[in-house]
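K.L.:
next comes the sequence, and after it the predicted model I'd like to discuss.
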Number of protein chains: 2
Amino acid sequence: MSASAPSCGPVKPVSIRFETPLPLQCRRAFGPYDLMVETYGTLNADRSNAILVCHALNASHHVAGYYEENPGDVGWWDNMIGPGKPVDTNRFFVIGVNNLGSCFGSTGPKTLNPATGQPWGADFPLVTVEDWVDAQARLADHFGIERFAAVMGGSLGGMQALQWSIRYPERLAHCVVIASTPKLSAQNIAFNDVARQAIVTDPDFHGGDYYRHGVVPRRGLRLARMIGHITYLSGDDMSEKFGRALRSGEYRFGYGVEFEVESYLRYQGDKFSDYFDANTYLLITKALDYFDPARHTGGDLTAALKPATAQFLMVSFSTDWRFAPERTREMVRSLLQNRRNVTYAEIDAPHGHDAFLLADARYHAAVRAYFERIALEVRA
Amino acid sequence: MSASAPSCGPVKPVSIRFETPLPLQCRRAFGPYDLMVETYGTLNADRSNAILVCHALNASHHVAGYYEENPGDVGWWDNMIGPGKPVDTNRFFVIGVNNLGSCFGSTGPKTLNPATGQPWGADFPLVTVEDWVDAQARLADHFGIERFAAVMGGSLGGMQALQWSIRYPERLAHCVVIASTPKLSAQNIAFNDVARQAIVTDPDFHGGDYYRHGVVPRRGLRLARMIGHITYLSGDDMSEKFGRALRSGEYRFGYGVEFEVESYLRYQGDKFSDYFDANTYLLITKALDYFDPARHTGGDLTAALKPATAQFLMVSFSTDWRFAPERTREMVRSLLQNRRNVTYAEIDAPHGHDAFLLADARYHAAVRAYFERIALEVRA
């Protein structure tokens, strides 16, 4: 994907400390805390060219570029963000941030609680999309950015962008929401809950305090990822990629890997359980479940979006059955009812929910065109 | 559902022993073995009014009626089968049979292996849809039934009915295939494999020999059922039934039950893990994965169905995303290409895959009309 395009090159994350505790939706205040951040491009003199990229479940601040010590560790949205890419770092200053509660360097459940000298574990608070957005607003203050040219994200990242438009309407000019939804459906929550149950019933979970037992609930995390992964792909895409192909060409009448799709899923689960923190998985899936801006307006999404003044780009993908195009259309309709300026692209792509991470030409062309328009505003 | 309709009344299962070992697809021969059977109605003099009902994943021989000692234990298809019901036991002699490898009285993994005095456990062979059909043919012999008026089933039961039409074409007049598929998709297999991985990685599984450890892999079985259950319901149906309703009316910022859908799923998982055998779950999901009659004809379903001479009723449900209507249409098309007589009903019902077990009026009317036609043939 865009392999020939120049990359942001070697990048270095930085950790930023916030001393003042953050008031959370759960009515606790949490802090001091650290956020891991990467930036790409150069902040212009009037600080008007900043883009905030919000991450989804398993991603991080490492949005683009690679690390000198590990050139294979390329940012998760490197095909989208970089010099000459749809979000062009020759024009924009892009910030990637690892959210509070995640496990890639920002303060989270595996961080030591200074009061006990032990990892936070089960004592780490359940943070929400609103909390993340509040923490990101403080990060903007840190950079002296009063107003983002755009806040953008896919999936859970799109929820954060949408929340920005409601919570800090004056602090973003554009809001880019990709493959997202205004709230999870019962089926979405059900999949998340099975994944969580896989983790919390793993005997190695120890009520969330597995760190001090020197184990990780690897079995549960592996199952959680396998379940999640099925929902990220479209059924047709899985048929296309794996079909009913057998590893050995014939039935073996046993429970080892037989079908290629089994091999793929188990591999994905194994890999994930090697690097992801189980408490973070629990916490982030709850943040997904909780997200529902219309909860405060009696279920009326149009009323919930009334404060938003940003201009919007919304993108959905035809075969995304996790957050189907209809869910994005709900947001578009509500914004139009509020007479907001909305660009909507529904991309016919075979790759299900994962499409937002892939370099589909029409998708990238739509984002590129939109950001070229933003760039003109920034220069004006 | 049809609560006012008369039931088959108190019924009694019987266990039937088969001494001759059954040659299996895995190239083992297995036996002697027992099958648990229930019958409803009366076999007529020329034994031409017999209907075989094949069960799906978690069901049994207890198709209709109830048990005197436990009147609440009503058969799983009691709304379909009984006096005056769509499959009218005043006219037909209906046989329900628990398949080999299941856990409701037929020989299966939890049965004692006479050679060791221990439960079969991991040594129980992986049986297939073909094997079940072969065992059912022997059961027909036992009853002196040369030719069934119909063989019928939903989901995995429909696969068995279809396999009957290919394997013993002269032994059934009608084949009734409901909410089924000619083979699982990669996504179907993926869901099954996650469920199996939940079971086999449960520390209480002990490689399938948990019986002798005095435990059951309850955690894994519970997760397997939760995953399965999500795929049995339609997303819209879940939204309709549960939406985002909260048990306590507000977010609790913890990992207990919060959303009603979580409560429902966990309850289903708990209940299932109380009564179902984990080895049977593994074995039956493999039988599902393996079913693919066109495997022997280079993927050509029309060629695979060439031997079938029965007349067919096929039913699918609009919101069944597990075995979508398109999968049934594939079978219908192949049968029509073979110039077979096929009646096809695509029922617009909200209940997903589970619809085949529910008393939808149009669905039951279609089955009733079809069986009235069969009854005329039987009397002629």
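P.N.:
Looks like it came in fine. Numbering: from 1, shown residues only, chains lettered A, B, ... in the order given.
K.L.:
from here on, just use CA atoms for contacts and neighbour counts.
P.N.:
Will do.
K.L.:
in chain A, which residue is most central in space?
P.N.:
Centroid-nearest residue in chain A, with C-alpha atoms, centre = their mean: residue A:56, separated by 1.3 Å.
K.L.:
the helices in the stretch 251-380 of chain A, which residues?
P.N.:
With DSSP state H, counting those that start in this stretch as the criterion, the stretch 251-380 of chain A has helices at A:260-275, A:278-290, A:301-304, A:325-337, A:361-379.
K.L.:
how about TSV for these, with mean neighbour count, mean pLDDT and distance to chain B added?
P.N.:
Shown next, in TSV, are the helices of the stretch 251-380 of chain A (neighbours: other C-alpha atoms under 10 Å in any protein chain shown; pLDDT from 0 to 100; distance: least, C-alpha to the nearest C-alpha, whole Å):
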stretch	mean neighbour count	mean pLDDT	distance to chain B
helix A:260-275	18	97	6
helix A:278-290	23	98	8
helix A:301-304	19	98	15
helix A:325-337	18	98	12
helix A:361-379	16	95	25
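K.L.:
mind checking which of the ones you listed is nearest residue A:19?
P.N.:
Nearest to residue A:19, of all those, is helix A:278-290, at 22.0 Å by C-alpha to C-alpha.
K.L.:
hang on, residue A:194 in a helix?
P.N.:
Yes. According to DSSP: H, G, I helix; E, B strand; the rest coil, residue A:194 belongs to a helix.
K.L.:
surely it meets residue B:223?
P.N.:
Yes. Using C-alpha atoms under 8 Å, residue A:194 is in contact with residue B:223, at 6.5 Å.
K.L.:
more neighbours: these two, which one.
P.N.:
Shown here are residue A:194 and residue B:223; by other C-alpha atoms under 10 Å in any protein chain shown, residue B:223 has more neighbours (30 against 27).
K.L.:
residues in contact with that one?
P.N.:
Listed by C-alpha atoms under 8 Å, 6 or more residues apart in numbering or on different chains, the contact set of residue B:223 reads A:194, A:197, A:198, B:195, B:198, B:269.
K.L.:
out of the residues you listed, who's nearest residue B:314?
P.N.:
Using C-alpha to C-alpha, residue B:195 is the member of the contacts of residue B:223 that sits closest to residue B:314, with 28.4 Å.
K.L.:
interface residues of the stretch 101-250 of chain A facing chain B?
P.N.:
Residues of the stretch 101-250 of chain A found near chain B (C-alpha under 8 Å from any C-alpha of the partner chain) are A:125-126, A:185-187, A:189-191, A:193-194, A:197-198, A:201-202, A:219, A:223, A:226-227, A:230, A:235, A:238-239, A:242-244.
K.L.:
and the closest residue in space to residue A:306 that isn't next to it in sequence, what's its pLDDT?
P.N.:
For residue A:306, ignoring the flanking residues on the chain, the nearest one in space by C-alpha to C-alpha, 6 or more residues apart in numbering or on different chains is residue A:338 at 6.2 Å. We have a pLDDT of 98 for residue A:338.
K.L.:
if I pick residue A:338, what's in contact with it?
P.N.:
Contacts for residue A:338 were tallied using C-alpha under 8 Å, 6+ apart; they are A:302, A:305, A:306.
K.L.:
format those residues as CSV; extra columns: distance to residue A:35.
P.N.:
Formatted as CSV, these follow (distance: C-alpha to C-alpha, whole Å):
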residue, distance to residue A:35
A:302, 33
A:305, 28
A:306, 31
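K.L.:
thinking again about what came up before, do you know which of the helices of the stretch 251-380 of chain A lies nearest residue B:94?
P.N.:
The nearest among these, by C-alpha to C-alpha, is helix A:260-275 at 38.5 Å.
K.L.:
run through who's touching the closest one.
P.N.:
Helix A:260-275 is touched from outside by A:218-219, A:221-226, A:229, A:238, A:242-247, A:257, B:186, B:189-190, B:193, with contacts defined as C-alpha under 8 Å, 6+ apart.
K.L.:
residue ranges of the strands in chain A, please?
P.N.:
A:14-18, A:22-23, A:29-30, A:33-40, A:50-54, A:81-82, A:87-88, A:93-97, A:112-113, A:118-119, A:148-154, A:172-178, A:311-317, A:342-347 (DSSP state E).
K.L.:
now render those as CSV, adding mean pLDDT.
P.N.:
What follows is those, written out as CSV (pLDDT from 0 to 100):
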stretch, mean pLDDT
strand A:14-18, 98
strand A:22-23, 98
strand A:29-30, 98
strand A:33-40, 98
strand A:50-54, 98
strand A:81-82, 98
strand A:87-88, 98
strand A:93-97, 98
strand A:112-113, 97
strand A:118-119, 96
strand A:148-154, 98
strand A:172-178, 98
strand A:311-317, 98
strand A:342-347, 98
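K.L.:
any chance of those in TSV, with mean neighbour count too?
P.N.:
Formatted as TSV, the strands of chain A follow (neighbours: other C-alpha atoms under 10 Å in any protein chain shown):
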stretch	mean neighbour count
strand A:14-18	15
strand A:22-23	16
strand A:29-30	14
strand A:33-40	22
strand A:50-54	26
strand A:81-82	25
strand A:87-88	24
strand A:93-97	24
strand A:112-113	15
strand A:118-119	16
strand A:148-154	26
strand A:172-178	26
strand A:311-317	25
strand A:342-347	18
